[in-house]
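Participant: Dropping a prediction and its sequence here:
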Amino acid sequence: EELRKRYRKTVEAAGGNLTVTAVAVKIVAEALRHFPQFNTSIDMASGEVIQKKYVHIGVAVDTDRGLLVPVIRDADKKSLIQIAVDLAQLSEKARTRKITVEEMQGGCFSISSLGGIGGSFFTPIVNSPEVAILGISRGRFTPVYNEEKQEFQARQLLLGVLARHDRGELADQ
């Protein structure tokens, strides 16, 4: 949250909005490099798990037509500012019905966020043929016990749910 506050104006000047979702895209992009078993898809016809050599992250966007999932391509190679700008532009295109089919294809992993509507708990649905999705809720202050001070302190926490497709070797990892 401190990072968002510190860089908010810089990102806005570039044409984006530094949201928790934009930060999550950057973090997930890096995580997929360290945990490649989640940067895969399943070919149901052949029963094969396909390892991706790129990191394209889909982000669920609420529109008047329901959820659409535009894809931020090569998210692992982009700065947080560029991700925020891409996310703002793709979200606007989705909401104004100007997004193309190509801009919603090719994702390796998706993120769904209830932050905009204030929800706390949900089960995100894996966007097939991807093998996992991250669902995040709105951040909220929660009492957390500090052992060193032996007291509870208010900390801002974000609830996240990682749902994955359990099939074959992925179920064992």
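Facilitator: Yep, it's here. Numbering: from 1, shown residues only.
Participant: make it CA atoms for all contacts and neighbour counts henceforth
Facilitator: OK.
Participant: Arg6: neighbouring residues, count only.
Facilitator: 11 (other Cα atoms under 10 Å).
Participant: Going by neighbour count, list what's buried in the host helix or strand of it.
Facilitator: Counting by DSSP states H and E, the element that carries Arg6 is helix 2-14. Counting neighbours by 16 or more other Cα atoms under 10 Å, one finds that the buried residues in helix 2-14 are 8, 11.
Participant: ok now the helix or strand following that helix, how far from the chain's centre?
Facilitator: Downstream of helix 2-14, the first helix or strand assigned by DSSP H and E is helix 20-34. Helix 20-34 has its C-alpha centroid displaced from the chain centroid by 7 Å (Cα atoms, centre = their mean, to the nearest Å).
Participant: Please apply the same query to stretch 40-56.
Facilitator: That offset, for stretch 40-56, works out to 19 Å (Cα atoms, centre = their mean).
Participant: in stretch 38-58, what's buried?
Facilitator: By 16+ other Cα under 10 Å, the buried positions in stretch 38-58 come out as 38-42, 49, 52, 54-58.
Participant: I'd like to know which elements the helix holding Arg6 is packed against.
Facilitator: Helix 2-14 sits against helix 80-95, with contacts defined as 3 or more Cα pairs under 8 Å, 6 or more residues apart in numbering; DSSP states H and E.
Participant: What distance do you get for the closest residue to Gln51 other than its chain neighbours to Tyr54?
Facilitator: Spatial nearest neighbour of Gln51, chain neighbours left out: Thr40 (4.5 Å); criterion: Cα to Cα, 6 or more residues apart in numbering. For Thr40, the distance to Tyr54 (Cα to Cα, to the nearest Å) stands at 10 Å.
Participant: which residues do the two both contact?
Facilitator: With contacts defined as Cα atoms under 8 Å, 6 or more residues apart in numbering, no residue is shared by Thr40 and Tyr54.
Participant: What residues are bridge-paired with the spatially most central residue of the chain?
Facilitator: For the chain, the residue sitting closest to the mean C-alpha position, by Cα atoms, centre = their mean, is Ile111 at 3.0 Å. Counting by DSSP bridges, Ile111 forms beta bridges with Val59, Leu134.
Participant: my guess is Ile57 meets Ser112, correct?
Facilitator: No: the pair Ile57 / Ser112 is not scored as a contact, 10.8 Å apart, by Cα atoms under 8 Å.
Participant: follow-up on the earlier one: quick one: contacts for the residue nearest to the centre of the chain?
Facilitator: Taking Cα under 8 Å, 6+ apart, we find Ile111 in contact with 21, 25, 57-60, 133-136.
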